[in-house]
Structures are given as C-alpha cells and as structure tokens.
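**Q** Quick one, fold the following:
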Amino acid sequence: MQREIVTLQLGGVANHVGTHWWNIQEAGFIYDPALIALKEVENDILFRQGLTIKGEETYTPRLILFDVTSSLPSLSEQGDKYGVEVTWTGAVEKIERELPSIFSENCDTSNEKITPMEVTDGEGDKGACYIPPDTTAGSWRDYLVTQLHPRSLNFIPRSVEMGFPLSNSFCMGALCMENVEFSQFTEDKLHFFVEDCDNLQGFQLLSSLADGYGSLSTQLLYSISDEYSKSGKFCVPFLSPLPLIESFDTFSPHLTLALNLSDWLEHASMLTPLSTSSPVLPFVPQQSSLYPTTSLLAAAIDTASLIYRIPESGLDLQDFTSVLTATGRKLTSLSTLLPFPLLKDSTLLHSLSLHPLSSSSSLTPYLHTLCTPVTACNIVRGVPSSYKPFTTGATSYDSFTSLNDVISHEFGKKYSGCDSFSMLANSPLVLRHPFPNVFSPRITPNGFVTAHSATNPVNSIPVSTSIENHNGLYTFVNKCVQLFDYKSFVHLYSTAQKIELDTLQETKHSLLDLLD
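**A** You can find the predicted model right below:
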C-alpha cells in the first residue's frame, strides 16, 4: 500500500520551484498499459484521484500553496477553471486553459502521450519542446501545466498583504493566522488533504525563509507538529542572496531568517536549505532569472525525493529523515550532478573517471565543504541497463557484475567512514515543455555527453543527488548568532515586529545550543 504525502508551498520562489516539480511529475506519467508493470515511481503518493461535477476524472496534487493575490491576477481562490470540483448545480461551461503564447509557441501540439521508461542511445522522441532559458515568467502560473485541486489555493489576506511588506515581515505569519477566515480555510484545506490519505507518510514544505512566508511556514509547522507529531516533515527553505548589513532595513531580513530558522529546526524533521542563485554545473550555463534557476532546483528535489516515492526502496519519508538526522542535527545539504555525465558510447567507470562523484555541485548556500559528512543518501537515476559498467578485461573490477556495483563502489570511496546508503533508479528525469532549454549543446536528446554539438533538444537526462548531514552548515548558524551583536538594530526590530526582547534572546540561545 502506498503512503501518501501532502505538500505545502509558500511564496513566489517556492511556487516557481513547485510548478516545475509538478510539471516534471506529469511528464513522467506512464499512459501505455503495456508499460505499467515497469513503473517505478508511485504517483499516488503525491497525487489524488477525484471527479468533477460532470463525472470527469481528475488527478491532482495533494498540495496547498500560498501566495499574494497580486501575483495571480487571473486565478480564483476557488481553483482552476477546468476540472474544478464545486457544489454548483446549475449550467456549467468548461473553459480550457491555455499557456501564454511565450510558453506555447513552437510546441508539439499532438495529443500523443510520450512514455519513455529508460534512456537509450537513439535520437529520442519528438515530444520535447523547450523555451530559451533567458525567458522571463511573470508568474509561476504562466507555465503551470498540472491541474490543481480547488482546495490547493490559499491567498494571503489583503489586510496583511497591504499592511506589511512580505520581504522582511516576521510578524506576517501570526497576523495571517489571526485572520479568522484565513485560518479556518487553511485548517479546513489541510484536514481535507490529510483525511483523504489512507496512510499518511508526512509533509513536504517548500518556502522562502528570510521573509513573511518563512514565518507563516513556522505557524503551519506548529499546527502540523501538534496534530501529526508522528509524521515526517521534510522542509526545503529557499535562501536568496541577502544584502550586506549597512542599515536597519538591510539588517531586518537577516534576523527574520535567523528567527525562522530556529523555529523550523524545532518543529521540522529535517531541513535542506537551497540557494536561489544559479548553481555551477558542468553542462548547464549560468542562469540569470528565476524561471530557469528554479527548474534546476526542482529537478534536483525530484531526484532526491525518489527514495521515498519508489516503494521498492523500503524507506518512507519518516525513515528517510530519521536516518539522515540520526545524530540529532537536522540541517542537511543537497548536491547534484545534473545531468549525471554519461559519455556517449563509453562505460560508467570511464565516465566517472572524468567526472567523479566528488565533483558534484552543492545547491546549499553557506556550506563549508571541507567538513566530512556523518550520514548521506545518494540517488542515481536514468543510467540505461544497456550502458556498460566497465571495459571487459578490467581485472581490478572482476568482482563487479552490474551498474549498481559500480555506483555503490564509487559512492563508497566518496563517503569512506560515513554511514551512507545509495539507490540506483531506472527512470530518467523526463523533460517536457515548458521546461527551459538550459543544457549545453554537448548534451544529446537522451542526456549523454558528446564531444560535438547535439542538434535536437533534450528529452531526458540521468541525474545524481546526495543529501548529506555534516557540520559544514553550522558556520551559517554561527553567522545567525552573531546578528544579535547588532544590539541597536535588534531593539528596533523588536519594536517594528512587535516581538519581546526576551523572545529574541531565547532564539539566540536556541541557535547557540545547535553549535554545541
């Protein structure tokens, strides 16, 4: 029996990442009955089935997202305009939503369902259609393909939105929950998705941390921890570059981040902070806008989360977070090889000799990379079974019989002396419109690295990710503690955010405890 997960997304960055992620999920759906037996990922863990008032079947994420109304001028809080589940009994007109032209032009318009189970050496299918990476999306809504349930949408109350800037308001979370209508709607929606689950694994929470959405996330974590204390809570905070502290205005988001971090660490099962800056990846040029950058974060999260979305792994969300935080420290980092560099017409060992696992790129900011991990979870996906592990006659690898042996051996070298576990998944990361065309011309349609430029867009790629628990992130915690040395700014913050100074001192001591 699958165990379901409810996802929470808060704020613009989280919703951009989430939109890419849900689009990726849908791109990987298998529609061909002949291939169902080969399916690895259990989609019902994140999605639910439903019916419209016309009796039409829907398949929507178990998702509650939060944003301001001004960022979604065309979207009603009652949900998407097609496939909507409502109680209206009068005449109903079905309106098909189309993506804005910038995201739909030059796209294959056939209704053919592409269902690749494994990458090959071929030229790939014709379902891919990508947008230039310098394209700017006005809203995540512009490129959302996945249909949402009407209960998925939550708008920040206008009274809060107009009165407090989201960029540095710690008190926004409490103010939102003090709004009786907003609080009741949020609670009802949460109960709806949880009670729809037969066997709840837990929650995924994606949110920015240094603004009002971080404090609203804190309020939700309070509630979830109280009602569902035995469920796993995997939290992914997004950290944008903060300004240098030169005035109170530039100081405020730093302290908001510190306060939210302390609260999240108290109530979450595990935190994996990710940077919104463009990652340094060998076969992906640096990106300059949120739309392509968040697509890379979504691809990495999708791969890292396979461990609890593939039933054969034997781990659920609670197991996953418990193993990685066995030392009691909840901060972890995420690194990736995206794409996982498989040389065309070569072997896995030769590919890894040129691009070793140790060269993976960290997506987590403020990381001291010289620290040795204590625990690690490693995923490699999309290496085709036809790909040779090594050259026949390589005597030093005579004991190896499979690709998995090579992967385990290489991760063992990287994490010598560390408690680590690895999984090799068959399914590649399937890419479909409107995923941006972020890859180097040296990447073939099926994700292999070649010496010359490929002519077709990329359809799928192999990916590897590692989530590590080590002391490298606690330099970041120490920086948060040092914020309290700005005593005059701390006093001003206390007044502006209506927070007792004693509460701020308690936060400081909580962060200091993490450094022991």
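**Q** can you pull out the strands in the stretch 151-300 of the chain?
**A** 153-155, 200-208, 232-239, 270-271, 274-275 (DSSP state E, counting those that start in this stretch).
**Q** Kindly present the ones you listed as a markdown table, with separate columns for mean pLDDT and distance to residue 293.
**A** Bear in mind the C-beta positions are built from the backbone N, C-alpha and C, glycine included. Putting these into a markdown table (pLDDT from 0 to 100; distance: least, Cβ to Cβ, whole Å) gives the following:
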| stretch | mean pLDDT | distance to residue 293 |
| --- | --- | --- |
| strand 153-155 | 90 | 24 |
| strand 200-208 | 95 | 14 |
| strand 232-239 | 95 | 10 |
| strand 270-271 | 96 | 20 |
| strand 274-275 | 94 | 9 |
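**Q** so can I have CSV of those showing distance to residue 347 and mean neighbour count?
**A** Conversion of the strands of the stretch 151-300 of the chain to CSV gives the following (distance: least, Cβ to Cβ, whole Å; neighbours: other Cβ atoms under 10 Å):
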stretch, distance to residue 347, mean neighbour count
strand 153-155, 49, 20
strand 200-208, 36, 24
strand 232-239, 35, 24
strand 270-271, 35, 22
strand 274-275, 32, 21
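**Q** Let me have these in TSV, extended by distance to residue 437.
**A** Output for the strands of the stretch 151-300 of the chain, formatted as TSV (distance: least, Cβ to Cβ, whole Å):
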stretch	distance to residue 437
strand 153-155	30
strand 200-208	24
strand 232-239	23
strand 270-271	32
strand 274-275	22
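**Q** Which one of the ones you listed lies nearest to residue 511?
**A** Taking Cβ to Cβ, strand 270-271 is the member of those nearest to residue 511, at 13.2 Å.
**Q** Quick one: residues in contact with the closest one.
**A** Strand 270-271 is contacted from outside by 232-237, 261, 264-265, 320-321, 324-325, 330-332, using Cβ atoms under 8 Å, 6 or more residues apart in numbering.
**Q** what about 6 Å?
**A** Outside strand 270-271, the residues within contact range by Cβ atoms under 6 Å, 6 or more residues apart in numbering are 234-235, 264, 321, 324-325, 330-332.
**Q** Over to stretch 344-357?
**A** Stretch 344-357 is contacted from outside by 341-343, 388-391, 403, 406, 410, 414, 448, 450, using Cβ under 6 Å, 6+ apart.
**Q** repeat for stretch 21-32
**A** By Cβ under 6 Å, 6+ apart, stretch 21-32 touches 39, 61, 113, 115, 145-146, 298, 302, 430, 432.
**Q** Which strand or helix spans the most centrally placed residue in the chain?
**A** In the chain, the centroid-proximal residue (Cα atoms, centre = their mean) is residue 301; its distance is 4.0 Å. Using DSSP states H and E, residue 301 sits in helix 290-304.
**Q** Would you mind pulling up the elements that that helix packs against?
**A** Other helices and strands packing on helix 290-304, by 3 or more Cβ pairs under 6 Å, 6 or more residues apart in numbering; DSSP states H and E, are helix 12-27, strand 463-469.
**Q** Next, format those as CSV and append mean pLDDT.
**A** Below are those laid out as CSV (pLDDT from 0 to 100):
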stretch, mean pLDDT
helix 12-27, 94
strand 463-469, 94
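**Q** Throw those into CSV and include distance to residue 422 and mean neighbour count, thanks.
**A** Output for those, formatted as CSV (distance: least, Cβ to Cβ, whole Å; neighbours: other Cβ under 10 Å):
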stretch, distance to residue 422, mean neighbour count
helix 12-27, 22, 24
strand 463-469, 9, 26
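**Q** Kindly present those as TSV, with separate columns for distance to residue 425.
**A** Converted to TSV, these look like this (distance: least, Cβ to Cβ, whole Å):
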stretch	distance to residue 425
helix 12-27	14
strand 463-469	9
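**Q** The closest residue in space to residue 508 that isn't next to it in sequence: how many residues sit nearby?
**A** Excluding the flanking residues, the one nearest residue 508 by Cβ to Cβ, 6 or more residues apart in numbering is residue 484, at 4.6 Å. Around residue 484 there are 18 other residues, counting by other Cβ atoms under 10 Å.
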